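**Q** Structural data only, the sequence is not supplied:
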């Protein structure tokens, strides 16, 4: 998932920082980022929030990385 790596690096985050923000184990995240494993819906939601993007962007359904407006 090249988008994950690109977003993570653009934010200046390490994989350990992603682990701290999302609760996703670093080794699991590494596998997701390299395409060796798929993320769950919940992992996708946590990653979208941590990386300030949309789940659709992470899933490759849109090329716009801007997050959707959050419900109040």
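**A** That came in fine, so what should we check first? Note that this is a predicted model, so its numbers are computed, not measured.
**Q** now stretch 4-21: how far from the chain's centre is it?
**A** Taking the mean of its C-alpha atoms, stretch 4-21 sits 8 Å from the chain's own mean (CA atoms, centre = their mean, to the nearest Å).
**Q** Mind listing residues that contact it?
**A** 24-26, 29-30, 32-33, 46-47, 50-53, 58, 65 (CB atoms under 8 Å, 6 or more residues apart in numbering). Quick note: C-beta positions are derived from backbone N, CA and C, even for glycine.
**Q** Same question for stretch 41-59.
**A** 1, 3-4, 7-8, 11, 13, 18, 21-24, 32, 39, 62-68.
**Q** The same query, at a cut-off of 6 Å, please.
**A** By CB atoms under 6 Å, 6 or more residues apart in numbering, the surrounding residues in contact with stretch 41-59 are 7, 21, 22, 24, 62, 65, 67, 68.
**Q** residues contacting residue 38?
**A** With CB under 6 Å, 6+ apart, residue 38 has no contacts at all.
**Q** Torsion angles phi and psi at the residue nearest the centre of the chain?
**A** Against the mean C-alpha coordinate of the chain, by CA atoms, centre = their mean, the closest residue is residue 47 at 3.4 Å. The phi and psi values for residue 47, taken as degrees, to the nearest 10, are phi -70, psi -40.
**Q** Number the chain from 617, please
**A** Noted, 617 is the first residue going forward, which turns the last one into residue 663.
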